[in-house]
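J.: build me a model:
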Amino acid sequence: DNFDDDSTTWKGGASLRSDLRDDALDESYDPDVEQVDDEAARADAEMQEELREAILRMGDELAAHEIWFVALGASALDHAGMREFLEEFRTKVRGSFVINLDCVGAGNLTMITREGPHAKRRSDRRLGRLLTRVADDLHISLDHIDYVWDDTDATAAVNKAMRTTTIMGISNDYLPALSHTPDDIPENVEASQVVDVTHLVTELIRRS
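T.: Next comes the predicted model:
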């Protein structure tokens, strides 16, 4: 008796089930959370596009170089990924520049001049000088430290006298920035710094 003839207009009494469902949906809806999610998605898309454009800008200028992009695994297992890579491709990479990029999306960009607690050799001096000049020319801040309290994925290559260096984002306590911390999430990656590293390495390849 609480509805008119078309059974759609409520005149009092118990609520329609559809109304209850709508109320439940309204209570669970949080516009602030949706806005944060949208902003994070846009930031991630913008970062991906900037990286894509930076790589595409390499173009024909680098056609004379053979460039390998290598994603290494098992870093926590005595850098087994790098050791396996060097073992399998040691003849092909002989004479190459090996540039190890680590945590470059955060912290202070730093070139490692000596790495590993049992360091036998320094990182390649010529490569280091060239990187420093390129960074100065591009107005990119690049610090230098001896990282002798830990290895990186490039330590094995350094100790084999390969022309190697590591560019790492270093935190204020001289550790890889954000690595193995709760803050190591996409939202905390500085896309502009990643692009700077792309420009730095690209220009290094052009000049080498």
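
J.: and the helices in this protein?
T.: In the chain, the helices defined using DSSP state H lie at 17-28, 31-56, 80-89, 125-137, 155-159, 191-207.

J.: pick out the shakiest of those helices, pLDDT-wise.
T.: Among those, helix 17-28 has the lowest mean pLDDT, at a mean of 49.

J.: how much space between Asp124 and Leu72?
T.: From Asp124 across to Leu72, the span is 19 Å (CB to CB, to the nearest Å). For the C-beta atoms, the positions are set from N, CA and C on the backbone; glycine is no exception.

J.: what about these two, which has more around it?
T.: Shown here are Asp124 and Leu72; by other CB atoms under 10 Å, Asp124 has more neighbours (21 against 15).

J.: show me the contacts for that one.
T.: Taking CB atoms under 8 Å, 6 or more residues apart in numbering, we find Asp124 in contact with 97, 162-165.

J.: again, 7 Å this time
T.: Under the criterion of CB atoms under 7 Å, 6 or more residues apart in numbering, the neighbours of Asp124 are 163-165.

J.: out of those residues, which are inside strands?
T.: 163-165 (DSSP state E).

J.: of those residues, just say which sits nearest to His118.
T.: Taking CB to CB as the measure, His118 lies nearest Thr164 of the ones in strands among the contacts of Asp124, at 15.8 Å.
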